[in-house]
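S.K.: Let me see the structure of the following:
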Amino acid sequence: MSSTREPDPRFRFLFWRTDFVGFAMIVSGLFFLLVNFEVIPASGFVLPRVLGILFTMIGLLFLFFTGAGRWLSWFVIPAGVFLTSGIVTLILGLNRLFSPASASLFSLGLGLTFLAVFLSGRNHWWALIPTGAFAGVAAWVMLGRRFPVLGWHPVPVLLCLGGSFLAIYAASWQKRQMRWSLLVGAIIAAAALFYMLGILLARWSALWPVVLLLAGVLMPLALFLADRRRPGAS
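M.R.: Numbers count the residues shown, from 1 in each chain. Modelled structure (predicted):
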């Protein structure tokens, strides 16, 4: 008596959801073939939009895969990459694909992708690190153009990265075991703030005397208060 192997129902779940995406990819591939052989004349406006739609369809394909269960939940990462590429291509086209605006939008999309990975499971706390890094790169590109004082110093990257480690500690259930993230986040955020202070002091030399005056006043005051708190002091 021969036994037939039943197909995995998870794969049956995938097939009906990916038909229209596969059809869109076939149509897009035929379109690009006809454009390459100059059968269809395509302007500089149409071609990047079709390419953006193709990237978006591939991203939706990976996104549908994630709905098949936790065994394919990691497909949200390529889904976010392709969806971000498609949206950036649709908005900016191919001529501005390597512009600062494109880099900012792409970094923001990748940051949201890893944020979705974290939200899919609380044990994916590590995903907050690339979330903060990509968000910092997006802020770095935008602020570097708008505020010449900061220029291209990586202060926003360090601040967002430190904030991501602080968010790991805030979102953790076991605070005692994740105290290292609090320490790392505080160190990185403090380094970013001191970095920014050094930039401002280097640009505005008048702040150096102010800092020296404050240090000269606060240091004896701190020593006086410490001596008053010392056991046995009258």
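
S.K.: Contact partners for G80?
M.R.: G59, G109, L110, L112, T113, F114, A116 (C-beta atoms under 8 Å, 6 or more residues apart in numbering). (Each C-beta comes from the backbone N, C-alpha and C, glycine too.)

S.K.: from the residues you listed, which single one is nearest W126?
M.R.: F114 (9.0 Å; C-beta to C-beta).

S.K.: Look up how far Q174 lies from the closest one.
M.R.: 22 Å (C-beta to C-beta, to the nearest Å).

S.K.: Comparing those two, which shows the higher neighbour count?
M.R.: F114 (24 against 7; other C-beta atoms under 10 Å).

S.K.: which of the contacts of G80 sit farthest apart?
M.R.: Pairwise distances across those (C-beta to C-beta) peak at 15.0 Å, for the pair G59 and F114.

S.K.: tell me what the strand or helix carrying F62 is packed against?
M.R.: For F62, the host element (DSSP states H and E) is helix 46-66. Packing partners of helix 46-66 (3 or more C-beta pairs under 8 Å, 6 or more residues apart in numbering; DSSP states H and E): helix 9-36, helix 76-92.

S.K.: what's the angle from the shortest one to helix 46-66?
M.R.: Counting by axes from the mean of the first three to the mean of the last three C-alpha atoms, to 10 degrees, helix 76-92 lies at 160 degrees to helix 46-66.

S.K.: Quick one: mean pLDDT for helix 76-92?
M.R.: Helix 76-92 carries an average pLDDT of 87.

S.K.: now the longest one
M.R.: Taken as a whole, helix 9-36 has a mean pLDDT of 60.

S.K.: go on, stretch 98-117?
M.R.: Stretch 98-117 comes out at a mean pLDDT of 88.

S.K.: what residues does it touch?
M.R.: With C-beta under 8 Å, 6+ apart as the contact definition, stretch 98-117 has outside contacts at 74, 76-77, 79-81, 83-85, 87-88, 91-92, 96, 124, 127-128, 130-135, 137-138, 141-142, 144-145.
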